[in-house]
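Student: the following comprises the amino acid sequence and a computationally predicted model.
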Amino acid sequence: MKQEFSMPSLALRIPTEADAYKLMEELVWPGAQPEACPHCGVVGKFYYLAPKDGSEGRKTRTGAVSQRRVWKCGTCRKQFSVLTGSIFHGSKVPLRTWLLVLFEMASSKNGVSAREIERKYSLTPKTAWFMLQRIREAMRSGPLSGLLGGAVQVDETWIGGEPKNRHANDPRDRARAYGTTDKQPIVALVHYETRSVHSRVVRDVTTKNLLPVILEVMDPKRTHLHTDSAMAYRQMAPDFAAHEYVNHSVGEYVRGNVSTNLNEGYFSQLKRSLDGTHHHVSVEHLQRYLHQFDWLYTHCKATDSQRLRLLLGNISGRRLTYRPLVTR
């Protein structure tokens, strides 16, 4: 039976960096052994570079002692660790800190702000923010092995403050003057059977922009679309096996299993988290936050330890560098 973690038990399990590396190898590699060299892909031809004095630490070229556990490929002769090619690649933050922050992100329903991580773990604001963006990259759902079928509820919402509440001198006041909104629309698909959610930032709520988002996840020939009565969905109905909708304008919100209530529940949690934890999220980074809350909603029935293991299963091949995040 796999060990269940809590924050205190996890902290006791990794008193040193060497222990953190050992735990990471247990959680990421089957049998705590690498399956293949991350550089050349050769299977089975590698060995652990144990320190000659039998200790956990090893001297680097500068003479400093490092507790990083290093393996070496017998084919390409390159060294690697459990962090190579992952979201941790190149990070100078101690792995013990990474594991604790990962557990917080995997177990916090409302998310954790970068400012809170900065304060708790004595990090700089940029480092804390970059760490959380890397973790959100691991939470991004990968390509599906096959498109989903069955019933899916689709609905949209808008993120941002109401133009009517802005100061009279706000440079964005044009939206208020014309009675429109410049809030950011997003669309969410909630699969009725699996309760998995896939949300995307869209330019506007039109058939042209919504249809590709749905087709990215769902097989139209096997999909029963459940929506509200918005014209954008009614126009795309011929592309799907079936389309049923509820008419909110006449007070109809549920008819059998047809509704958008799963979406409304997801949007409610999303907005409480963005407003209460993060307070403000820029449009440029909004999609990464959606990845985070999609992942948390999809795996809400799992335990904290199970979510930690699921998260660590997504770290490989998702290296994220800082410059693309801040270059606009």
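Tutor: Ah, there it is.
Student: below-threshold pLDDT in the stretch 201-328 of the chain: ranges please.
Tutor: Scanning the stretch 201-328 of the chain for pLDDT under 70 picks out the ranges 328.
Student: quick one: the helices in it?
Tutor: 207-215, 231-236, 261-273, 283-298, 304-312, 322-326 (DSSP state H, counting those that start in this stretch).
Student: got those helices as CSV, with distance to residue 90 columns?
Tutor: (C-beta placed from N, C-alpha, C; glycine too.) Output for the helices of the stretch 201-328 of the chain, formatted as CSV (distance: least, Cβ to Cβ, whole Å):
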stretch, distance to residue 90
helix 207-215, 33
helix 231-236, 43
helix 261-273, 29
helix 283-298, 19
helix 304-312, 18
helix 322-326, 10
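Student: which one of these lies nearest to residue 2?
Tutor: helix 304-312 (7.2 Å; Cβ to Cβ).
Student: just list what that closest one packs against, helices and strands only.
Tutor: Counting contacts by 3 or more Cβ pairs under 8 Å, 6 or more residues apart in numbering; DSSP states H and E, helix 304-312 packs against helix 17-28, helix 95-107, helix 125-139.
Student: could the ones you listed go into CSV alongside distance to residue 153, mean neighbour count and mean pLDDT?
Tutor: Output for these, formatted as CSV (distance: least, Cβ to Cβ, whole Å; neighbours: other Cβ atoms under 10 Å; pLDDT from 0 to 100):
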stretch, distance to residue 153, mean neighbour count, mean pLDDT
helix 17-28, 34, 19, 93
helix 95-107, 26, 21, 96
helix 125-139, 22, 21, 96
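Student: closest one to residue 5 among those?
Tutor: Proximity to residue 5, assessed across these by Cβ to Cβ, is greatest for helix 95-107 (6.6 Å).
Student: what angle do helix 304-312 and that closest one make with each other?
Tutor: Interaxial angle of helix 95-107 relative to helix 304-312 (axes from the mean of the first three to the mean of the last three Cα atoms, to 10 degrees): 110 degrees.
Student: okay, domains of the protein per the record?
Tutor: Annotated domains of the chain cover 7-139+316-326, 148-299 [automatic domain parsing].
Student: any chance of the ones you listed in JSON lines, plus distance to residue 305?
Tutor: Formatted as JSON lines, those follow (distance: least, Cβ to Cβ, whole Å):
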{"stretch": "domain 7-139+316-326", "distance to residue 305": "9"}
{"stretch": "domain 148-299", "distance to residue 305": "12"}
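Student: for the nearest residue to residue 160 once chain neighbours are set aside, give its distance to residue 218.
Tutor: Ranked by Cβ to Cβ, 6 or more residues apart in numbering and with sequence neighbours excluded, the top spatial neighbour of residue 160 is residue 183, at 3.7 Å. According to Cβ to Cβ, to the nearest Å, residue 183 and residue 218 sit 26 Å apart.
Student: which one of the two is surrounded by more residues?
Tutor: Legend: neighbour count by other Cβ atoms under 10 Å for residue 183 and residue 218, higher for residue 218 (24 against 14).
Student: could you redo the helices and strands packed on helix 304-312 as a markdown table and give each row distance to residue 34?
Tutor: Converted to a markdown table, the helices and strands packed on helix 304-312 look like this (distance: least, Cβ to Cβ, whole Å):
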| stretch | distance to residue 34 |
| --- | --- |
| helix 17-28 | 8 |
| helix 95-107 | 16 |
| helix 125-139 | 19 |
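Student: this completes my enquiry, with thanks.
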